[in-house]
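Engineer: Need coordinates for the below:
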Amino acid sequence: MAGISESKPPSPVSRNGQATSEGEPVSAAGLSSPTAAEALKRHEFLTGMRDTLPLLLGALPFALIYGAIAASSGLSMAAAIAMSAFVFAGSSQFIAVGLVAAQTPVAIIVLTTLIVNLRHMLYSATLLPYLKELPQRWRIPLAFWLTDETFAVTVHRFQRNDASPYQHWYQLGSSIAMYLNWQLWCFLGLLLGNRIPDAQGWGLDVAMPVTFIGMIIPFVRTLPVVVCVLTAGAASLLTLTLPYKLGIVVSAGAGIASGLLAQRLAATRDETCRQ
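Structural biologist: Next up, the predicted model:
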């Protein structure tokens with residue numbers, strides 16, 4: 001998660017609604033003032049946007065190339081813009097555009113993109129404990145806007161120990177920043193598509209894997225996580241040729257299984273040592 005700042009807990013209000021010192025945990029009791037509550041919401045929202053800014057750079061070339069490829073794939077301008085606006089999933093959009101250009105049946109396109117995005121189920125399961133009390137009017141849009149980058153910064157925010165009741169505004173800020181950034185560069189890619197010869201050959205798409213690596217690094221703090229990452233990486237290389245991008249699901253499953261096994265072995269070893 002290169003560049004993600006570990007911002008301090010929000011501190012615009014205190015128990016009596018007055019300003020607090022930097023880093024003091026926010027208490028829900030201090031939100032009786034509407035002004036204080038609105039200030040905290042705004043703080044969370046803007047902090048979420050700010051912490052996502054470094055990751056926008058990784059998405060920029062990826063979105064630009066998507067727009068350029070979509071412009072030459074046979075999709076109309078309106079269809080390419082609609083896909084970007086309503087699908088909002090970089091990997092799926094790339095795959096879908098390539099399959100459309102190859103005149104692949106719609107059922108295969110839907111199945112392939114569904115498999116690619118199954119990783120979002122893992123993201124959702126991780127965030128659910130923090131968002132389960134929210135009403136559906138919040139959970140549905142947050143689910144739609146959930147991306148790899150937003151998950152990476154948001155899970156760090158949720159894991160901080162403070163009593164702010166508006167942490168979901170942080171996720172909203174991150175989501176809006178990513179969404180607007182993606183739409184802007186996809187649109188520019190569509191406009192410039194015919195003027196960018198061999199866009200895929202430029203190698204700009206390397207920015208996305210580098211961004212993913214940067215997002216993963218801060219989570220690699222324990223041996224089970226190291227085992228999980230290495231296993232998933234090795235499995236992804238071994239399953240690279242599987243159809244319909246099934247290698248993504250296989251690699252994720254292998255990584256999770258190996259990480260859990262390593263965690264249980266470590267727990268058993270520690271228990272044995274204590275005895």
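Engineer: where does the stretch 1-150 of the chain dip in pLDDT?
Structural biologist: 1-33 (pLDDT under 70).
Engineer: what do you get if the cut-off is 50, keeping everything else the same?
Structural biologist: By pLDDT under 50, the weakly predicted segments of the stretch 1-150 of the chain are 1-29.
Engineer: For it, just list every one of the helices.
Structural biologist: 34-71, 77-86, 90-101, 106-116, 119-131, 136-144, 148-158 (DSSP state H, counting those that start in this stretch).
Engineer: Over to the stretch 151-275 of the chain?
Structural biologist: All helices of the stretch 151-275 of the chain, identified by DSSP H, counting those that start in this stretch, fall at 167-192, 207-216, 223-238, 246-274.
Engineer: Among these, which comes closest to residue 83?
Structural biologist: For residue 83, the closest of the helices of the stretch 151-275 of the chain is helix 167-192, at 8.8 Å, according to C-beta to C-beta. (Glycine included, C-beta is placed from N, CA and C.)
Engineer: just checking, what packs against that closest one?
Structural biologist: Under the contact criterion of 3 or more C-beta pairs under 8 Å, 6 or more residues apart in numbering; DSSP states H and E, helix 167-192 touches helix 34-71, helix 77-86, helix 119-131, helix 136-144, helix 148-158.
Engineer: mind checking how far the residue nearest the centre of the chain is from residue 256?
Structural biologist: Closest residue to the average C-alpha location of the chain: residue 148 at 1.8 Å, with C-alpha atoms, centre = their mean. Per C-beta to C-beta, to the nearest Å, residue 148 is found 17 Å from residue 256.
Engineer: Of the helices and strands packed on helix 167-192, which stretch is the most buried?
Structural biologist: helix 148-158 (a mean of 23; mean count of other C-beta atoms under 10 Å).
Engineer: what distance separates that one from the middle of the whole chain?
Structural biologist: Taking C-alpha atoms, centre = their mean, to the nearest Å, the mean C-alpha location of helix 148-158 is offset from the chain mean by 7 Å.
Engineer: And stretch 60-71, by the same measure?
Structural biologist: In terms of C-alpha atoms, centre = their mean, the centre of stretch 60-71 is found 19 Å from the chain centre.
Engineer: re the thing from before, tell me which of the helices and strands packed on helix 167-192 lies nearest to residue 189.
Structural biologist: Closest of the helices and strands packed on helix 167-192 to residue 189 is helix 34-71, at 1.9 Å (criterion: C-beta to C-beta).
Engineer: starting at the chain centroid, how far to the closest one?
Structural biologist: Relative to its chain's centre, helix 34-71 lies at 11 Å (C-alpha atoms, centre = their mean).
Engineer: likewise stretch 90-101?
Structural biologist: 19 Å.
Engineer: Also stretch 93-111?
Structural biologist: Here stretch 93-111 is found 23 Å from its chain centre; the criterion is C-alpha atoms, centre = their mean.
Engineer: Excluding chain neighbours, what is closest to residue 85?
Structural biologist: Sequence neighbours aside, residue 183 is the residue nearest to residue 85 in space, at 6.4 Å (criterion: C-beta to C-beta, 6 or more residues apart in numbering).
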